[in-house]
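> structural data only, the sequence is not supplied:
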């Protein structure tokens, strides 16, 4: 997803597009991986000196509910990234820098066979480690 597509989703749902909201979207579109609310507020404080954590969290959760952002917990903290759900896939997530790499293999095919009598309603599969850049550092 890109900023333009996200703006369209928000407009279709009746949300006003403000400069702050667009800057939040641009931040995530430019980021390669998951980012924390703290990362976002540090970025936003450059242009918006008095921006509050409440404003940041309210928008993060709105974007998550609209399917614009994906959410995970990394190092005990909620982190977000722009949604890339054009097709079903999973992620490798670097524990150090938060960069992600798509994984097209899904273990659910095998799991669904094992749990044939169960009604599976969803799943989440992520692999954690160090990306090549962080390994060499």
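Received, thanks. On a predicted model such as this, the values are computed, not experimentally measured, just so you know.
> quickly find the element holding residue 60.
helix 53-65 (DSSP states H and E).
> which strands and helices sit next to that helix?
helix 19-30, helix 37-44, strand 69-74, strand 77-82 (3 or more CB pairs under 8 Å, 6 or more residues apart in numbering; DSSP states H and E). In this view, the C-beta of every residue, glycine as well, is placed from N, C-alpha and C.
> export those as a markdown table, with columns for distance to residue 129 and mean pLDDT.
Converted to a markdown table, the helices and strands packed on helix 53-65 look like this (distance: least, CB to CB, whole Å; pLDDT from 0 to 100):
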| stretch | distance to residue 129 | mean pLDDT |
| --- | --- | --- |
| helix 19-30 | 23 | 93 |
| helix 37-44 | 20 | 95 |
| strand 69-74 | 12 | 86 |
| strand 77-82 | 16 | 89 |
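> thinking again about what came up before, pull the residues that contact the helix holding residue 60.
6, 15, 20-21, 24-25, 37, 40-41, 44, 69-71, 80 (CB atoms under 8 Å, 6 or more residues apart in numbering).
> ok, 6 Å please
Helix 53-65 is contacted by residues 24, 37, 40-41, 69, 71, 80 when judged by CB atoms under 6 Å, 6 or more residues apart in numbering.
> could you do stretch 109-125 as well?
Outside stretch 109-125, the residues that touch it by CB under 6 Å, 6+ apart are 90, 107-108.
> out of everything not next to it in sequence, what's closest to the residue most central in space within the chain?
What sits nearest the mean C-alpha location of the chain, by CA atoms, centre = their mean, is residue 81, with 2.2 Å. Closest residue to residue 81 apart from its sequence neighbours, by CB to CB, 6 or more residues apart in numbering: residue 34 at 4.7 Å.
> over to residue 79?
residue 34 (3.7 Å).
> the one you found contacts residue 78, doesn't it?
No. Using CB atoms under 6 Å, residue 34 makes no contact with residue 78, being 9.2 Å away.
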